[in-house]
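*Asks:* okay, predicted coordinates and the sequence, questions at the end:
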Amino acid sequence: MSNPKRSNRAKDLKVRVCQAIDTRAAALIECALDLHAHPEIAFEEVRSAAALADRLRQAGLEVTLPAYGLDTAFAAEFGTTGPVLGIVAEYDALPGLGHACGHNVIGTSALGAALGLADLGDDLPGRIRLLGTPAEEGGGGKVFMAREGAFDGLDCAMMVHPADRNLSRFPLIAAAWMTATFHGRSAHAAATPEAGINALDGLVTAYNAIAALRQQVPGDHRVHAIIREGGTATNIIPDRAVGAFGLRAPSREALEALKIRVKDCLQAGAMAAGAQVEIVDDPVQYHELISNTPLADCFRTNAEGLGREFEAVEDLSGSNVASTDFGNVSHLIPAIHPMMATVPRGTAFHTPQFAQHCADDVAMTAMLDAAKAMAMTAIDIMCDADLQNDMKTAFRRATTQT
């Protein structure tokens, strides 16, 4: 049975935190637009990290920048005794596309939630650790930060991602990357072609083998590939060719099985061309997201109180798959990664259209709503011992199953 006094306290704090965020709305919108206008790619987010950190300092908070072994990571912690909650900011952009995944909205919503909670002062019934995490787009900033203890001691973590609809959960799957370098022997392509071993032939054969493999893997698996190097001149048989490969699957176990099959294709391509292949796995691998149901339901209730209407994740088509390094965090502590309608329906991630809309008025409203919903969810967690127990129980069950 819930405690009426505790419930009333949470309601009062929620009103206050939303008012605090509204008071800062103009400054938060200015920050989101500033990040959008100055996109920076993975591990190069010098200006973006400084812009967020400076606004925290202006509010009187102590900020560590750089933090947890990364030059463009930052951290700020404040509050009294009680549960310690993590709020996660992202702010890296995509090469050539800018903020086509809306990380300007993510970073500023996290900033807004933290500042709103900090304004509660000594009335905040717990602690907040705001983490600025670089390089989500393929760099795996959170993976490196986790190794340095960024998420140690946290009871849970949360962030909100832009999308074309409101979802309390989203099917974020595991991902890995590898590079294959094919070694052959150069020769004059016209005079003595028989003396050469064509490394590019090995890569192209492997590429085609992987293309055939795609027909035989489940629909929720993905293999992406590009050719980075394929030779230097048409009249020289290439003695070196390099391909880059990205793999995705619903779980780490399924991903490992897929990696074996892709590597078989790479070895087969090399064998067919008489070449050798060197396969190097990227040291960073993204885990599938474990969405903590009690926390996701709490977030949804708070966002619905702001007028947001949510859809069921089960109604999504199988093509709605993506990956994130926040998935790794969700295997360490209870975590949520809800999606908030920020762009028009049907707008795809990682497109110029998505980037354009992440500076619209609708996106700015979503940013403020995300900040409020996270802040209110944080208050619920701090004030409700039953919710704390439920999220921990759900986390233990989910991680035991995985």
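*Replies:* Nice, I can see it.
*Asks:* C-alpha from now on. contacts and neighbour counts both.
*Replies:* OK.
*Asks:* what comes up buried for the host helix or strand of A303?
*Replies:* Taking DSSP states H and E as the criterion, A303 maps to helix 293-304. Residues T293, P294, L295, A296, C298, F299, R300, T301, N302, A303 are the ones in helix 293-304 that count as buried (16 or more other Cα atoms under 10 Å).
*Asks:* show me the contacts for C31.
*Replies:* The contact partners of C31, by Cα atoms under 8 Å, 6 or more residues apart in numbering, come to A51, L52, T108.
*Asks:* pull out the buried residues from those.
*Replies:* L52, T108.
*Asks:* among the contacts of C31, which are located in strands?
*Replies:* With strands defined by DSSP state E, no entry of the contacts of C31 lies inside them.
*Asks:* so where is the stretch 301-402 of the chain shaky, pLDDT-wise?
*Replies:* Judged by pLDDT under 70, the stretch 301-402 of the chain has its weakly predicted residues at 317-320, 402.
*Asks:* mind listing the strands for it?
*Replies:* Listed in chain order, the strands of the stretch 301-402 of the chain (DSSP state E, counting those that start in this stretch) span residues 335-336, 339-341.
*Asks:* equivalent analysis for the stretch 1-150 of the chain, please.
*Replies:* Using DSSP E, counting those that start in this stretch, the strands of the stretch 1-150 of the chain run over 74-79, 84-90, 127-133.
*Asks:* domains of this protein?
*Replies:* Following automatic domain parsing, the chain resolves into domains at 4-172+289-401, 174-281.
*Asks:* quick check: which of these has the most neighbours on average?
*Replies:* domain 4-172+289-401 (a mean of 20; mean count of other Cα atoms under 10 Å).
*Asks:* ok, now which ones touch the nearest residue to A163 once chain neighbours are set aside?
*Replies:* Once flanking residues are discounted, A163 sits nearest to A341: 5.0 Å by Cα to Cα, 6 or more residues apart in numbering. Counting by Cα under 8 Å, 6+ apart, A341 touches P162, A163, D164, R165, N166, A363, A366.
*Asks:* helix/strand/coil for the fourth one?
*Replies:* Spelled out, that is R165. R165 falls in the coil class when you classify it by DSSP: H, G, I helix; E, B strand; the rest coil.
*Asks:* hmm, it is touching A312, no?
*Replies:* No. Assessed by Cα atoms under 8 Å, R165 is found out of contact with A312, at 10.3 Å.
*Asks:* any weak-confidence spans in the stretch 101-250 of the chain?
*Replies:* In the stretch 101-250 of the chain (pLDDT under 70), no residue qualifies.
*Asks:* okay, the strands of the stretch 1-150 of the chain in JSON lines with distance to V284 next?
*Replies:* Output for the strands of the stretch 1-150 of the chain, formatted as JSON lines (distance: least, Cα to Cα, whole Å):
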{"stretch": "strand 74-79", "distance to V284": "20"}
{"stretch": "strand 84-90", "distance to V284": "17"}
{"stretch": "strand 127-133", "distance to V284": "15"}
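*Asks:* what's the closest of these to C156?
*Replies:* strand 84-90 (5.4 Å; Cα to Cα).
*Asks:* OK, contacts around the nearest residue to G79 once chain neighbours are set aside?
*Replies:* In space, and not counting its chain neighbours, G79 is closest to R127: 4.2 Å by Cα to Cα, 6+ apart. Taking Cα under 8 Å, 6+ apart, we find R127 in contact with E77, F78, G79, T80, T81, G82, P83, V84, L85.
*Asks:* identify the bridge partners of R127.
*Replies:* Per DSSP bridges, the residues bridged to R127 are G79, V84.
*Asks:* spatially central residue for this protein, please.
*Replies:* T324 (3.5 Å; Cα atoms, centre = their mean).
*Asks:* which one of the contacts of A341 is nearest L387?
*Replies:* When the contacts of A341 are ranked by distance to L387 (Cα to Cα), N166 comes first, at 22.5 Å.
*Asks:* next, the contact list for H188, please.
*Replies:* Counting by Cα under 8 Å, 6+ apart, H188 has contacts G196, N235, I236, I237.
*Asks:* what residues are bridge-paired with it?
*Replies:* Note on H188: beta-bridge partners by DSSP bridges are I236.
*Asks:* what's the spacing between the residue nearest to A370 when sequence neighbours are not counted and A42?
*Replies:* Leaving aside its sequence neighbours, A370 sits nearest to S109 (Cα to Cα, 6+ apart; 5.8 Å). S109 sits 20 Å away from A42, going by Cα to Cα, to the nearest Å.
*Asks:* quick one, phi/psi of the closest residue to R57 other than its chain neighbours?
*Replies:* The shortest distance from R57 to any non-neighbouring residue, by Cα to Cα, 6+ apart, is to V63 (6.6 Å). Here is the backbone geometry of V63 (degrees, to the nearest 10): phi -130, psi 140.
*Asks:* about what we covered before: which one of the contacts of R127 sits closest to A113?
*Replies:* Nearest to A113 among the contacts of R127, with distances taken as Cα to Cα, is L85, at 11.7 Å.
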